[in-house]
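**Student:** What shape does this take:
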Amino acid sequence: MNPFRWPFRIQCLAGFLVCAGLLAYAYYVQFGMGIEPCPMCIFQRIVFILLGIVFLVGAIHGPALVGRRVYGATLGLIACIGVGIAARHIWIQHQPPNPFAGCGPGLNYMVANFTWSKTLQMAFTGSADCAKISHTILGLSMPEWALISFFLLGAGGAWAGWRRR
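**Tutor:** Here you go, the predicted structure:
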């Protein structure tokens, strides 16, 4: 069966399963392999969770034309946020190493001790934790795979919502 001709609900279910699989792998890397995520990795996970929720609601709801377009636009917008976060993370990873950079505080510490605006500013500034590439798959780092995944999930979700029936 051609996936480009699947009904909207099945496409949303497939998007949800992809998001769930990506998150499951991220948690395996964290808890199974012992590689702790940096704050930017956690924000990327949050975006995958948001995408997964919208995909799941779309699969359960199965809306008419206008609703499909709203879901498609929402998925595209959320994926664009993920692309931006992943692109910033990749940019940080490809900067020359700073010998004076120290490991920044974890996200839990930042949330407990700083305002939300200060926490976001610190997280997106990046730290030595964000610059370190600790795990690769086929030569690409996790943020590079996240960028590809956000792009494909966003394009797929937007296409599912806006294609002609």
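
**Student:** A helix includes residue 79, no?
**Tutor:** Yes: with DSSP: H, G, I helix; E, B strand; the rest coil as the criterion, residue 79 is assigned to a helix.

**Student:** distance of it from residue 59?
**Tutor:** 17 Å (CB to CB, to the nearest Å). No exception for glycine: its C-beta is placed from N, CA and C like everyone else's.

**Student:** Give me the phi and psi for residue 141.
**Tutor:** Main-chain torsions, residue 141, degrees, to the nearest 10: phi -80, psi 170.

**Student:** Contact partners for it?
**Tutor:** Under the criterion of CB atoms under 8 Å, 6 or more residues apart in numbering, the neighbours of residue 141 are 90, 93, 133, 135.

**Student:** can you do 6 Å?
**Tutor:** Taking CB atoms under 6 Å, 6 or more residues apart in numbering, we find residue 141 in contact with residue 133.

**Student:** Against residue 44, how distant is it?
**Tutor:** 12 Å.

**Student:** what's the pLDDT at residue 105?
**Tutor:** What the model reports as pLDDT for residue 105 is 60.

**Student:** no wait, residue 165
**Tutor:** 63.

**Student:** Distance check, residue 41 against residue 35.
**Tutor:** From residue 41 to residue 35 the distance is 9 Å (CB to CB).

**Student:** Next one: residue 149 from residue 157, what distance?
**Tutor:** 12 Å.

**Student:** Ok, residue 146 next?
**Tutor:** To residue 157, residue 146 is 16 Å away according to CB to CB.
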